[in-house]
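J.: Got a predicted structure plus its sequence, pasted below:
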Amino acid sequence: MSLQEKFGQNVRYWRKKRGFTQEDLAGRAAVHVTYLSGIENARRNATVDVIGRLAEALQLEPGQLFGSVEDDG
């Protein structure tokens, strides 16, 4: 699995865990919903700025979006 795929999978995991729709998270992170969808489906690369905004919106540290979700304790 590529890093881009892992990142997208983790964004989707945390979004669902927080109970957010794509529209909710896109609004909170100030990104377009189609851009967020592209990130989650590994079709788009997130910039460092967007990674930070997604992490903040999900109440995570940015690095948590790259790690293993099994360690979400």
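T.: Received, thanks. Numbering: from 1, shown residues only.
J.: Go through this structure and flag its longest helix.
T.: helix 3-17 (DSSP state H).
J.: Contacts for it next, please.
T.: 1, 21-22, 24-25, 36, 39-42, 45-46, 51, 54, 58, 60, 64-67, 69, 72 (Cβ atoms under 8 Å, 6 or more residues apart in numbering). Every C-beta, even on glycine, is put in place using the N, C-alpha and C of the backbone.
J.: Could you do stretch 37-50 as well?
T.: 2, 4-5, 7-9, 11-12, 15, 22, 29, 31, 35, 54.
J.: That stretch spans what distance, first to last residue?
T.: 13 Å (Cα to Cα, to the nearest Å).
J.: confidence score at the residue nearest the centre of the chain?
T.: Centroid-nearest residue in the chain, with Cα atoms, centre = their mean: residue 11, separated by 2.6 Å. For residue 11, the pLDDT comes out at 98.
J.: Give the helix, strand or coil label for residue 67.
T.: coil (DSSP: H, G, I helix; E, B strand; the rest coil).
J.: That one: how many residues sit nearby?
T.: Residues near residue 67, counting by other Cβ atoms under 10 Å, number 13.
J.: Report pLDDT for it.
T.: pLDDT at residue 67 comes out at 87.
J.: and it, what does it touch?
T.: With Cβ under 8 Å, 6+ apart, residue 67 has these contacts: residue 10.
J.: which ones are touching the residue nearest to residue 18 when sequence neighbours are not counted?
T.: The spatially closest residue to residue 18, leaving aside those adjacent along the chain, is residue 58, at 5.9 Å (Cβ to Cβ, 6 or more residues apart in numbering). Going by Cβ under 8 Å, 6+ apart, residue 58 touches 11, 14-15, 18, 20, 25, 65.
J.: Got a quick ChimeraX command for the buried subset of these?
T.: A single ChimeraX command selects the buried members of the contacts of residue 58 (16 or more other Cβ atoms under 10 Å):
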select :11,14,15,20,25,65
